[in-house]
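A.B. asks: Fold the following and give me the result.
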Amino acid sequence: LLFCPCQTTGCAERRRQTIVPDCSYKDKDKPNCLELRKVCHQDPLCRSRLADYKENCGMTPHAASTCPNQDNHQACLASFARLVGTDVTPNYVDSSFSNWTISPWCTCKGSGNQEEECQNFLRYFTNNACLRNAIQAFGYGIDNTQNKSGPVPGPSATPKPDPVSTQEISENLPVTIPKVKGSQCFITWDVLHVDVKCDGKM
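C.D. replies: Model prediction:
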């Protein structure tokens, strides 16, 4: 349900509530995102999972719509899911189904001269085209890791012959057997037997 392509507000709300209980995501006050990142970096598990998420869902610097790992949506979604339960747990911020936003529970208010750095960190979630593409691909049942070579070709226009029966493949073909000088022989075969008849003798 976490990556469900919802078409109604009710579905979007159930999707948002996939991460339960609510307190596992929300707190009474929103911490500063840089403080939240600092806490995450102090925990080895959270730090490694955040780095994994940035690697698999990362965007090319100065080109927010370019995804270096765009052929592997599954890796991005798996990295996103592994962040759930850490200090930087991401979630849908509301019940919107058409213009949804994902974010950790944090804000950039009070960042001072680190405002830009804070916004850059937050955009890894709120304005991440690579994550959005991966979620949309999941909803449409697309797995690009299995479709790199293009679409599966359709059936051949040339029909294949149907399996033939034993009677249809039985034929008499004249052959010459060198070991019997001047003899003319016929080979009769089917799927079970091969018979050779030379000059009227078996």
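A.B. asks: Domain parsing of the chain, as residue ranges.
C.D. replies: 9-146, 166-198 (automatic domain parsing).
A.B. asks: any idea which of those scores lowest on pLDDT?
C.D. replies: Among those, domain 166-198 has the lowest mean pLDDT, at a mean of 44.
A.B. asks: could you pull out the helices for the protein?
C.D. replies: Using DSSP state H, the helices of the chain run over 9-16, 33-41, 44-56, 73-82, 115-126, 129-139, 166-169.
A.B. asks: Indicate which one of those helices is closest to residue 91.
C.D. replies: Set against residue 91 and scored by CB to CB, those come closest in helix 9-16, at 6.5 Å. (Glycine included, C-beta is placed from N, CA and C.)
A.B. asks: Now do that closest one: which elements does it pack against?
C.D. replies: Where contact means 3 or more CB pairs under 8 Å, 6 or more residues apart in numbering; DSSP states H and E, helix 9-16 is packed against strand 90-92.
A.B. asks: ok, the strand it packs on: who's next to it in the sheet?
C.D. replies: If you go by DSSP bridges, strand 90-92 pairs up with strand 102-104 (antiparallel).
A.B. asks: ok, and for the strand it pairs with, which residues are buried?
C.D. replies: Neighbour-count burial for strand 102-104, counted by 16 or more other CB atoms under 10 Å, picks out 102-104.
A.B. asks: and what of stretch 90-98?
C.D. replies: Residues 90-93, 95, 97 are the ones in stretch 90-98 that count as buried (16+ other CB under 10 Å).
A.B. asks: Kindly format the C-alpha coordinates of that stretch as CSV.
C.D. replies: In CSV, the C-alpha atoms belonging to stretch 90-98 read as follows (Å, rounded to 0.1, in the frame of the first residue of the first chain):
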residue,chain,number,x,y,z
PRO,A,90,9.8,9.6,5.2
ASN,A,91,6.0,9.7,4.7
TYR,A,92,3.3,11.3,2.6
VAL,A,93,2.5,14.7,4.3
ASP,A,94,-1.2,14.7,3.5
SER,A,95,-4.1,12.8,1.9
SER,A,96,-3.6,14.3,-1.6
PHE,A,97,-3.7,11.7,-4.3
SER,A,98,-3.0,13.9,-7.3
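A.B. asks: Contacts for it, please.
C.D. replies: 6-9, 11-13, 15-16, 19, 25, 80, 83-84, 100-105, 125 (CB atoms under 8 Å, 6 or more residues apart in numbering).
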